[in-house]
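Undergrad: how would this look folded up:
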Amino acid sequence: FLNKTDGAVAVGLFVIASSLTKAGMDLLSAGLSSVLMTSMSRAYGNGGVMALIDSTWTSIRYFHFLGLIVAGVGAFWSSPIIGVLYGDRYEGAVAIMIGLSLIGGLTFTDGVLSAALTVMERQKQLVVVAVTSWVVIVASSAALIAGLGIQGAIIVCVVSKAFFFY
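TA: Numbering: from 1, shown residues only. Coordinates of the predicted model:
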């Protein structure tokens, strides 16, 4: 959709910003999630659902704190990172990266909720959320990107991330 409305330059800027943001978020969350699922499984095995709930709330607090740090660091370092890696010609990717960093940081705790559902063996709910999110992404992409271009693509990212989170 984005290539048809804004062209290859907008696609390039969006890909640069989203790749850098996703790589940073995944690098941090993958390590944390592997430890998180182990501790949640132990809590669930030792104390049942109530112990898992306690572990989940504690993890949400820590992940939310880290998410706020990630959002701030991503917003602050977007311009220098893109400038060093790609040069001044790609300055247009900075605003996109800031927006994606902010929404990624603010919804960083979604990994905790996914881990809790996985530990309780409720993968069906995760599949339902994933399929529903995909439908929302496709529908909002068709509606927003066609009319707004790259701004619509950013809005779609925010809407899909918020939808999956809530």
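
Undergrad: show me what contacts the residue sitting nearest the centre point of the chain?
TA: Centroid-nearest residue in the chain, with Cα atoms, centre = their mean: Gly104, separated by 4.0 Å. With contact taken as Cβ atoms under 8 Å, 6 or more residues apart in numbering, Gly104 is in contact with 21-22, 25, 67, 70-71, 74, 161. Where C-beta positions appear, they are placed from N, C-alpha and C, glycine not excepted.

Undergrad: buried ones in stretch 155-165?
TA: By 16 or more other Cβ atoms under 10 Å, the buried positions in stretch 155-165 come out as 155-161, 164.

Undergrad: so which elements touch the longest helix seen in the chain?
TA: In the chain, with assignment by DSSP state H, the single longest helix is helix 8-85. Applying 3 or more Cβ pairs under 8 Å, 6 or more residues apart in numbering; DSSP states H and E, we find helix 8-85 packed against helix 2-5, helix 92-106, helix 110-119, helix 150-165.

Undergrad: quick check: angle from that helix to helix 92-106?
TA: 80 degrees (axes from the mean of the first three to the mean of the last three Cα atoms, to 10 degrees).

Undergrad: please compute how far helix 8-85 lies from its chain's middle.
TA: Its chain's C-alpha centre and that of helix 8-85 lie 7 Å apart, by Cα atoms, centre = their mean, to the nearest Å.

Undergrad: so where is the chain shaky, pLDDT-wise?
TA: 166 (pLDDT under 70).

Undergrad: let's see 90
TA: 1-12, 14, 19-20, 22-35, 37-38, 48, 87-89, 92, 104, 106-166 (pLDDT under 90).

Undergrad: Gly12 and Ile96, how far apart?
TA: According to Cβ to Cβ, to the nearest Å, Gly12 and Ile96 sit 11 Å apart.

Undergrad: related to what we said a few turns ago, columns distance to Ser34 on top of the helices and strands packed on helix 8-85, output as CSV?
TA: Listed next are the helices and strands packed on helix 8-85 as CSV, based on distance: least, Cβ to Cβ, whole Å:
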stretch, distance to Ser34
helix 2-5, 34
helix 92-106, 19
helix 110-119, 10
helix 150-165, 21
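
Undergrad: these: which one's closest to Ser79?
TA: Set against Ser79 and scored by Cβ to Cβ, the helices and strands packed on helix 8-85 come closest in helix 92-106, at 4.8 Å.
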